[in-house]
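Participant: predicted structure and sequence below. I'll ask about it afterward.
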Amino acid sequence: MGSKGQNAWKLADHPKLPKGKTIAMVVLDGWGEARPDEYNCIHVADTPTMDSFKTTAPEKWRLIKAHGSAVGLPSEDDMGNSEVGHNALGAGRIFAQGAKLVDSALASGKIYGGEGFKYIKQSFDNGTLHLIGLLSDGGVHSRLDQLQLLLKGAAEQGAKRIRVHFLTDGRDVLDGSSVGFVETLEKDMSNLREKGVDAQIASGGGRMYVTMDRYENDWNVVKRGWDAQVLGEAPYKFRSAVEAVKKLREEPKANDQYLPPFVIVDESGNPVGPIKDGDAVVTFNFRADRMTMLAKALEYADFDKFDRVRVPKIYYAGMLQYDGELKLPSQYLVSPPEIERTSGEYLVHNGVRTFACRTLGYLRSETVKFGHVTFFWNGNRSGCFNEKMEEYVEIPSDVGITFNVQPKMKALEIAEKARDAILSGKFDQIRVNLPNGDMVGHTGDIEATVVACKVADEAVKVLRFAVDCGRVACVFPRTIIDAIEQVGGIYVITADHGNAEDMVKRDKSGEPQLDKSGKLQILTSHTLKPVPIAIGGPGLKAGTRFRNDVPTGGLANVAATVMNLHGFIAPDDYEPTLIEVVDN
Ligand SMILES: O=C(O)[C@@H](CO)OP(=O)(O)O
Ligand SMILES: [Mn+2]
Ligand SMILES: [Mn+2]
């Protein structure tokens, strides 16, 4: 596209909608629509703002799909997630996502003929193949069946010594399910051993405490993993991985997400699988955000985020390339989806013309979600398209806590920064992600999630507060919509996938499911539910409303919608807009 020059980026004018409106694009993370019962935290919480969209302007509120094929996932049983959700929101089209691409590369066997596999194969004669990743069938970051196929395939391709370093999940799947997954993996290892492959589990730990941090929030998480996986050092040592997970889960408050790191040792107490010179490493997650930090530690010669102590010379490949801009990692088994010509890039190109010298796109969230509205939004691309046009600002998240103890997170700080950006007049699009419903929903703490939903709603809402500034009481706009009202702008409020609207596992008829001991099964994961989208604000031209001829609309339809609201028609291959303008 770039080679075709500037004209190729030019968007046609919308026949009815004007340019120059300030647009607040708000993504409520993990905010779906589900039946209103006591396990629906959004329903239980006081959420007057989000409720009012639905009740007061039904023609400007609707539901859109956020899971399965609507976001490029292999099946309708695949829940949505932030990566695929924000990809679709930003790209305006549905791309076959990592999960699907890995499925087909494994099914066709093409994965074994690719450059990445040839690269790691160099270790097979004299070295060990290490596989590091999330062990579950959640399908958000990785899938157990893909790991199983890869193990089998690698052995058939000549790998003689294999070590698996796993992270337990409990976030995309039920807490406690780790034991079953580790038992399955143990069985696979033993099958491989019967075939003459020296295969063992070498280390483990909970995904949120070991390895799978993101957006450089807390490097200690990656270091704990490095120590166990590479150096073979961890506070806990076990002879078997099943025993490790069972034992560590006995600790009060222990859960799969936060298990401490451990290594598996042999009869003399030596770790069975530290990573050494000449070995190969594959990080088998297909999703990028929580593997990028480890990828940097494994690949970068001048890495300085923590002391690696020993840096083995390895053949490293990612399941996918995690960052197209950084080309990280340089070797990978499956090519990632090529998410190009995203709406952000189009808007930057068109903004030069219309709003020269102005800044387009002010994007923010706190660290744990920062990359969602930048990296994922822009098609898994780090950095801006045009530094003069975009400003990406980040509020540091609290580190080292689970968010049920701090359900407010930084929502109000995010909202206030967004407000300031709106009022500054320097930006045309202000994009924010409010993480509360999702991050607190993942803790499985229902009470805290109710608070989280209330706070997210507050961060959006019109709330004026008066300050006595001398003789007159000044009224300052407090939050996002209030600021939009003040500047005559437009708001688009939506979500990337469900989470907080359903906190229990349900049977086919939708009733909460109990486990064998009669206990409610808490759902920490995302859901298959649709999400709301609402548009409004004084800048929205009269007669603008949702069309009713796009009943199957999903997140990918939002980009064309927002382009319209900026006064443009989306490119032909974008999913259709959700809105129409009717003459009154
Ligand atoms: O925390 C994460 O990594 C995922 C769940 O695995 O959530 P989200 O897609 O909302 O980022
Ligand atoms: Mn999300
Ligand atoms: Mn989530």
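Facilitator: Nice, thanks for sending it over. Ligands and ions are numbered 1, 2, ... in the order given.
Participant: walk me through the domains of the chain.
Facilitator: What the record gives for the chain is the domain set 18-96+339-539+549-557, 99-334, from automatic domain parsing.
Participant: quickly check: the shortest one near ligand 1 or not.
Facilitator: Put plainly, it is domain 99-334. Yes: if you take CB under 6 Å from any ligand atom as the test, domain 99-334 does meet ligand 1, through V140, H141, R171, D172, R290. Every C-beta, even on glycine, is put in place using the N, C-alpha and C of the backbone.
Participant: from the residues you listed, which single one is nearest N217?
Facilitator: R290 (10.3 Å; CB to CB).
Participant: setting aside sequence neighbours, what's the nearest residue to the residue of the chain found nearest ligand 2?
Facilitator: When scored by CB to the ion, the chain has S82 as its residue closest to ligand 2, at 3.1 Å. In space, and not counting its chain neighbours, S82 is closest to H372: 5.0 Å by CB to CB, 6 or more residues apart in numbering.
Participant: now do the same contact list for G204.
Facilitator: Neighbour list for G204: 135, 165-168, 182, 210, 228, 241, 244-245, 259, 261-262, 264 [criterion: CB atoms under 8 Å, 6 or more residues apart in numbering].
Participant: most neighbours out of those, which is it?
Facilitator: Highest neighbour count within those: T168, with 33 neighbours (other CB atoms under 10 Å).
Participant: what sits closest to that residue if chain neighbours are left out?
Facilitator: Distances taken as CB to CB, 6+ apart place S178 nearest to T168, at 3.8 Å, with adjacent residues excluded.
Participant: for the one you found, what are phi and psi?
Facilitator: Backbone dihedrals for S178, given as degrees, to the nearest 10, come out at phi -60, psi -40.
Participant: how many residues are close by it?
Facilitator: Neighbour tally, S178, other CB under 10 Å: 30.
Participant: ligand 1 versus that one, what's the distance?
Facilitator: Distance of S178 to ligand 1, given as CB to the nearest ligand atom, to the nearest Å: 14 Å.
Participant: ok, that residue to G5 distance?
Facilitator: Distance of S178 to G5, computed by CB to CB, to the nearest Å: 53 Å.
Participant: just for the stretch 301-450 of the chain, where's the confidence low?
Facilitator: Along the stretch 301-450 of the chain, the parts satisfying pLDDT under 70 run over 352-370.
Participant: helices of that one, start to end?
Facilitator: Secondary structure of the stretch 301-450 of the chain (DSSP state H, counting those that start in this stretch): helices at 343-354, 367-370, 411-424, 436-441, 446-460.
Participant: could you say which of the ones you listed is packed most deeply?
Facilitator: Compared across those, helix 436-441 shows the largest average neighbour count, a mean of 31 (mean count of other CB atoms under 10 Å).
Participant: report the distance from it to the chain centre.
Facilitator: The chain centre lies 12 Å from the centre of helix 436-441; the measure is CA atoms, centre = their mean, to the nearest Å.
Participant: does any part of it sit near ligand 1?
Facilitator: Yes: among the residues of helix 436-441, D438 lie within reach of ligand 1 under CB under 6 Å from any ligand atom.
Participant: offset the numbering so it begins at 34, please.
Facilitator: Sure, I'll start counting at 34 from here, so that last one is helix 469-474.
Participant: may I have that helix exported as PDB, CA atoms only?
Facilitator: What follows is helix 469-474, C-alpha atoms only, in PDB (Å, rounded to 0.1, in the frame of the first residue of the first chain):
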ATOM      1  CA  ASN A 469     -12.100  -3.000  35.400                       C
ATOM      2  CA  GLY A 470     -14.800  -5.400  34.300                       C
ATOM      3  CA  ASP A 471     -12.300  -7.700  32.700                       C
ATOM      4  CA  MET A 472      -9.300  -7.600  35.100                       C
ATOM      5  CA  VAL A 473     -11.400  -7.900  38.200                       C
ATOM      6  CA  GLY A 474     -13.700 -10.500  36.600                       C
END
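Participant: list the helices and strands it packs on?
Facilitator: helix 74-77, helix 400-403, helix 479-493 (3 or more CB pairs under 8 Å, 6 or more residues apart in numbering; DSSP states H and E).
Participant: how about 7 Å then?
Facilitator: Helix 469-474 sits against helix 479-493, with contacts defined as 3 or more CB pairs under 7 Å, 6 or more residues apart in numbering; DSSP states H and E.
Participant: contact partners for the residue nearest the centre of the chain?
Facilitator: Nearest to the geometric centre of the chain sits S115, at 3.2 Å (CA atoms, centre = their mean). By CB atoms under 7 Å, 6 or more residues apart in numbering, S115 lies in contact with D62, H405, F409, D529, H530.
Participant: tabulate these (a markdown table), appending neighbour count and distance to ligand 2.
Facilitator: Output for the contacts of S115, formatted as a markdown table (neighbours: other CB atoms under 10 Å; distance: CB to the ion, whole Å):
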| residue | neighbour count | distance to ligand 2 |
| --- | --- | --- |
| D62 | 29 | 4 |
| H405 | 28 | 6 |
| F409 | 29 | 9 |
| D529 | 32 | 4 |
| H530 | 30 | 6 |
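Participant: turn those into a markdown table, columns for distance to K98.
Facilitator: Converted to a markdown table, these look like this (distance: CB to CB, whole Å):
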| residue | distance to K98 |
| --- | --- |
| D62 | 17 |
| H405 | 18 |
| F409 | 18 |
| D529 | 12 |
| H530 | 10 |
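Participant: what would these look like in a markdown table with distance to ligand 1?
Facilitator: Compiled in a markdown table, the contacts of S115 are given as follows (distance: CB to the nearest ligand atom, whole Å):
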| residue | distance to ligand 1 |
| --- | --- |
| D62 | 6 |
| H405 | 7 |
| F409 | 9 |
| D529 | 7 |
| H530 | 7 |
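Participant: helix, strand or coil for K279?
Facilitator: At K279, secondary structure determined by DSSP: H, G, I helix; E, B strand; the rest coil is helix.
Participant: okay, now it: neighbour count?
Facilitator: Per other CB under 10 Å, the neighbour tally for K279 reads 15.
Participant: cool, and S430?
Facilitator: By the criterion of other CB under 10 Å, S430 has 21 neighbours.
Participant: my guess is it contacts D251, does it?
Facilitator: No: S430 is beyond contact range of D251, at 8.8 Å (criterion: CB atoms under 7 Å).
Participant: list the contacts for the residue in the stretch 384-533 of the chain that ligand 1 sits nearest to?
Facilitator: Nearest to ligand 1 in the stretch 384-533 of the chain, going by CB to the nearest ligand atom, is D471, at a distance of 4.7 Å. D471 is in contact with D62, G63, N532, counting by CB under 7 Å, 6+ apart.
Participant: bridging across strands, which residues link to I56?
Facilitator: Q462, I523 (DSSP bridges).
Participant: just the pLDDT for it.
Facilitator: I56 carries a pLDDT value of 94.
Participant: what count of nearby residues applies to it?
Facilitator: Residue neighbour count, defined by other CB under 10 Å, stands at 23 for I56.
Participant: residues in contact with it?
Facilitator: Applying CB under 7 Å, 6+ apart to I56 gives the contacts D461, Q462, G522, I523, V525, V595, L598, H599.
Participant: how far away is the nearest residue to S415 once chain neighbours are set aside from ligand 1?
Facilitator: Distance criterion CB to CB, 6+ apart; nearest residue to S415, sequence neighbours excluded, is E358 at 4.9 Å. Separation of E358 from ligand 1 (CB to the nearest ligand atom): 20 Å.
Participant: swap in R580?
Facilitator: According to CB to the nearest ligand atom, R580 and ligand 1 sit 29 Å apart.
Participant: doesn't E613 make contact with that residue?
Facilitator: Yes: R580 is within contact range of E613, at 4.6 Å (criterion: CB under 7 Å).
Participant: overlap in contacts, these two.
Facilitator: Common neighbours of R580 and E613, counting by CB under 7 Å, 6+ apart, are absent.
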